[in-house]
Structures are given as structure tokens and as C-alpha cells.
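**Q** when you get a sec, could you give me coordinates for this:
(2 chains)
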2 protein chains.
Amino acid sequence: MAKTLDLSLYLVLDPVLCHGIDGMVKTVQIVVANGVTVVQLRAENQFHHRQWYQAALALKAALSHTPVPLIINDYVDVALAADADGVHIGQADLPAQVVRQLIGADKWLGLSISNQQQLDEVPWSVIDYLGIGPIFPTTSKKNAAPALGIEQLAKLMTQRQCPAVAIGGINETNIEGVIQTGINGVAVVSAICGQVNIQQATAQLVKQIGQVKNKGMTL
Amino acid sequence: MAKTLDLSLYLVLDPVLCHGIDGMVKTVQIVVANGVTVVQLRAENQFHHRQWYQAALALKAALSHTPVPLIINDYVDVALAADADGVHIGQADLPAQVVRQLIGADKWLGLSISNQQQLDEVPWSVIDYLGIGPIFPTTSKKNAAPALGIEQLAKLMTQRQCPAVAIGGINETNIEGVIQTGINGVAVVSAICGQVNIQQATAQLVKQIGQVKNKGMTL
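**A** Numbering: from 1, shown residues only, chains lettered A, B, ... in the order given. Okay, here's the model as predicted:
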């Protein structure tokens, strides 16, 4: 796998919001045709390992003829079993150095941070990208850390030693301020998963990302 | 690792009953000196991956100078990360064939079954031992299948193509009937974890196992 990752619009799939594995597959089919650049499977505590595995296989098949990578949240064994493209971990998961040893050099590894201290402890040499959040209050993740806000995001983001994606409560009403910080991409959950018109919701976010980036280039 | 596994008295550690990681380590130190032959870490949904990993490392250290193997329930990534001696899976976990590929030939792999149909589908060539249960009603495992009873255990047990251990509600009041079926071993949770006198509880079970086996030999 070539080591270039387009984080522009990163979709975190939620099996509840998407109404199960079939719903996640349908969502993925729509979003990859409309500009989503990374797909992550995240199932909190709803899934047994077998369901994680079945979901990962189904999503891998749905993404097989696209350039969009499949990232598995937390469950390194599921990522290995389904030969996914990478793993995303948080502060309560296996340590990043350990995960890198398990997945090898060719898989993507992302790490979430929620504050300055966690950023100070990031093992930059073993990760490919950083997740920073939650930026705004979120209902999609249980036990989320306090919302950072745009100012804190900007402060943390400028210290990154690898590409970073912002996550947490981001939607069409606030995405432009996030992109204006200069961050590499935004991750969304409920701004796409479970939306009545997924195609339109995706296209709207892509349009807003493009507008801010184009405006930035003319400054 | 030599491929011989003594299933006689198989302890499934419960972090709640043992009062956390330190309590599990203390429990292990006592039981391995008193006849427990296998230790499994099982944490249902109480643990994040990081806690699983920390617990596995602590238990591995506690077992390092003993012949007692450490088996990890469900979490193949934790087993790999901590270099545990094996994995135990159930029907809702990664498929046994997939787990065998992930852990390689030298680690133990156990599989739980709860009925005839599941036994008929056991991939014997990839597993090392079978868990059969629950034998009696249990409070240690959420969403456990209906209790099999001794008669069903005996019927399933005789069809095994590898060693088997019985699990589920087994304690000093009913262990003798289980051993009398001729099964290779018994697994216990609350009969040891959280007992006021763990040494005495373990010794009592070991004594009963020995008595039934000796009686069997004189018949």
C-alpha cells in the first residue's frame, strides 16, 4: 500500500445509526461515490467479535474497487482477520507501539488525542495520522472527553508531526471553522450516518470543504 | 511449547469477583500453588483493550515461573500483544479457523459449545480443547445458554475429538458428578474467584477431583 492517505472527509460508521451491517454497506456505497476519502468501522460495545468480523468483511468487499481505505477502530484482531487497511486507536486501547508491531509497517495507524498532555505523549514514529477531538459536543460516542472548541483544535493541530483529522460533533453548520484551522481533514459520524439523504449530506460537506480550501488558496 | 495441556482444574478469572487486576494476580499466586492447571482471563464488557492488556501482562508475569498456561478469552489481539499461551473463543467470537491463523500453531486454542449442533460444527483440526457448558445455571456469565445438566454433558462429551473441560455453575457441591462423566477437567469461576479462603476453596476442588478419579481407577 502506498503511504499516502487523503483524510479530507473521513466517515466513522456507526452500526446503530446505519441500521446494521447492510445499512453500513449501503452507506459506504453512496459516500465513496460522493467524496468520502476514508471509512472507519466503530461499534462501541454493540458488537461481538463475530459481528465486527462480518461487518469488516462486508465493508472491505464494498470498498474493494475504490481507493478508499477501511480502518478498524480498537479491534486489532478484527483488522488482521479481515485484512483491513488500518487500525484507529484511542487512549484506552492497546498502546500504539504494540499495535504497530501487530499490524506491521504497511497498515495505517491512527491515534486519538483529546488534550495537550495526550499530544505530548504521542509516539509519532509509529502512527500515520492523528485524530483530534471531540471538537464539539457529540452524541455518537459514549464517555467522550470535553469538547475542545476551534481555538484548542488550532493550538493542538499546529503541533502535529503527521497529518491530523478533527472529530466530534462536526456537521454542515460548523465544518467551515474546522477546515479554516488548516487541519488535513474532518471526521464525521451522524452528519452522514442515518441521514435521510446520505448522498446530499456527503456532497454538502465535500462542497464546504472545497470552498474553504479554495478560499484559503486565494488569500 | 509442548502440546500437552492439563485441563484438570481450569480457573476462569473474573476481574469483578477478584476486585481488579491486583486481586486477579493475588488469586493466581494462591491457586497455582494449590493445584489449578490452567488460568483464563475473561472480562466480559468491563474492560477496555488497555486494561485487558495490562491485566494480561500482570497475569503472565505471575505465571512466568509456573507450568500453568495463560489463556485469553475472546481478545486475540490482547493474547498476541501479551504473548499469552492461548486463546479461548465462543460462538460469537472470530471463527476458530481465523483465530488459528492469527495465533499460529504453537498457541492453545479452546472453543466453547453449548449444544449438539455447535458440537457437530466444531473444526476439530484447528482447536486444542473444547469447553462444554453451561452445565449448571451460572451467574458469572451474562447471556449464558440454558444449563445442559450432567446427562447432556455426558452425551456431548463422549463425541469429543480432543480433550474437553466442563464449565458453568460448577462448585464443591456438584463437581463430583461432572468428573464422573470422564471429562478431562472442570472450569470454575465463582467457586474460587472472590472466595473468602481461596487456598481452601482450591484445595477442596482438587481433593474432590482426585477422589473421583482414584475411585474411577479402582472400579
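**Q** skipping adjacent residues, who's closest to residue A:139 in space?
**A** residue A:190 (6.9 Å; CB to CB, 6 or more residues apart in numbering or on different chains). Using the backbone N, CA and C atoms, a C-beta is placed for each residue, glycine as well.
**Q** hang on, that neighbour in a helix?
**A** No. Read with DSSP: H, G, I helix; E, B strand; the rest coil, residue A:190 is coil and lies in no helix.
**Q** so what's the residue count around it?
**A** Neighbour count of residue A:190, defined by other CB atoms under 10 Å in any protein chain shown: 17.
**Q** any idea of the pLDDT on it?
**A** Looking at residue A:190, its pLDDT is 95.
**Q** check the one 5 residues further on too.
**A** In this prediction, residue A:195 carries a pLDDT score of 95.
**Q** quick one on the thing from earlier: I'd say the residue nearest to residue A:139 and residue A:136 touch.
**A** No. Using CB atoms under 8 Å, residue A:190 is not in contact with residue A:136, being 11.4 Å away.
**Q** what's the helix or strand hosting residue A:97 in contact with?
**A** Element membership for residue A:97, per DSSP states H and E: helix A:96-103. The list of residues contacting helix A:96-103 from outside it, by CB atoms under 8 Å, 6 or more residues apart in numbering or on different chains, reads A:76, A:79-80, A:86-87, A:89, A:93-94, A:109, A:111, A:122-123, A:126-127, B:53, B:77, B:80-81.
**Q** mind exporting stretch A:203-217 as PDB, just the C-alpha atoms?
**A** Extracted in PDB, the C-alpha atoms of stretch A:203-217 (Å, rounded to 0.1, in the frame of the first residue of the first chain):
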ATOM      1  CA  ALA A 203     -22.000  16.200  -1.200                       C
ATOM      2  CA  GLN A 204     -22.800  19.200   1.000                       C
ATOM      3  CA  LEU A 205     -19.800  18.500   3.300                       C
ATOM      4  CA  VAL A 206     -17.500  17.900   0.300                       C
ATOM      5  CA  LYS A 207     -18.600  21.200  -1.200                       C
ATOM      6  CA  GLN A 208     -18.000  23.100   2.000                       C
ATOM      7  CA  ILE A 209     -14.500  21.600   2.400                       C
ATOM      8  CA  GLY A 210     -13.700  22.500  -1.100                       C
ATOM      9  CA  GLN A 211     -14.900  26.100  -0.700                       C
ATOM     10  CA  VAL A 212     -12.900  26.800   2.400                       C
ATOM     11  CA  LYS A 213      -9.800  25.200   0.900                       C
ATOM     12  CA  ASN A 214     -10.200  27.200  -2.400                       C
ATOM     13  CA  LYS A 215     -10.700  30.400  -0.400                       C
ATOM     14  CA  GLY A 216      -7.600  29.700   1.600                       C
ATOM     15  CA  MET A 217      -5.500  29.300  -1.600                       C
END
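**Q** buried set for that stretch?
**A** Across stretch A:203-217, burial judged by 16 or more other CB atoms under 10 Å in any protein chain shown covers A:203, A:204, A:205, A:206, A:208, A:209, A:212.
**Q** distance from it to the middle of the chain?
**A** Computed by CA atoms, centre = their mean, to the nearest Å, the separation of stretch A:203-217 from the middle of its chain amounts to 18 Å.
**Q** what's in contact with that stretch?
**A** Outside stretch A:203-217, the residues that reach it (CB under 8 Å, 6+ apart) are A:8-9, A:34-35, A:172, A:175-176, A:179-180, A:182, A:186, A:188, A:191-192.
**Q** one more time with 6 Å
**A** Residues outside stretch A:203-217 that contact it (CB atoms under 6 Å, 6 or more residues apart in numbering or on different chains): A:8, A:9, A:34, A:35, A:172, A:175, A:176, A:179, A:180.
**Q** now swap in stretch A:111-126 and tell me
**A** A:89, A:90, A:96, A:97, A:100, A:127, A:131, A:145, A:156, A:161.
**Q** measure that stretch end to end?
**A** Taking CA to CA, to the nearest Å, stretch A:111-126 runs 10 Å from one end to the other.
**Q** list the buried residues for that stretch?
**A** Quick answer for stretch A:111-126 (16+ other CB under 10 Å): A:111, A:112, A:113, A:114, A:118, A:119, A:122, A:126.
**Q** columns pLDDT and distance to residue B:64 on top of those residues, output as JSON lines?
**A** Below are those laid out as JSON lines (pLDDT from 0 to 100; distance: CB to CB, whole Å):
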{"residue": "A:111", "pLDDT": "98", "distance to residue B:64": "30"}
{"residue": "A:112", "pLDDT": "98", "distance to residue B:64": "33"}
{"residue": "A:113", "pLDDT": "98", "distance to residue B:64": "34"}
{"residue": "A:114", "pLDDT": "97", "distance to residue B:64": "35"}
{"residue": "A:118", "pLDDT": "98", "distance to residue B:64": "32"}
{"residue": "A:119", "pLDDT": "98", "distance to residue B:64": "35"}
{"residue": "A:122", "pLDDT": "98", "distance to residue B:64": "31"}
{"residue": "A:126", "pLDDT": "98", "distance to residue B:64": "27"}
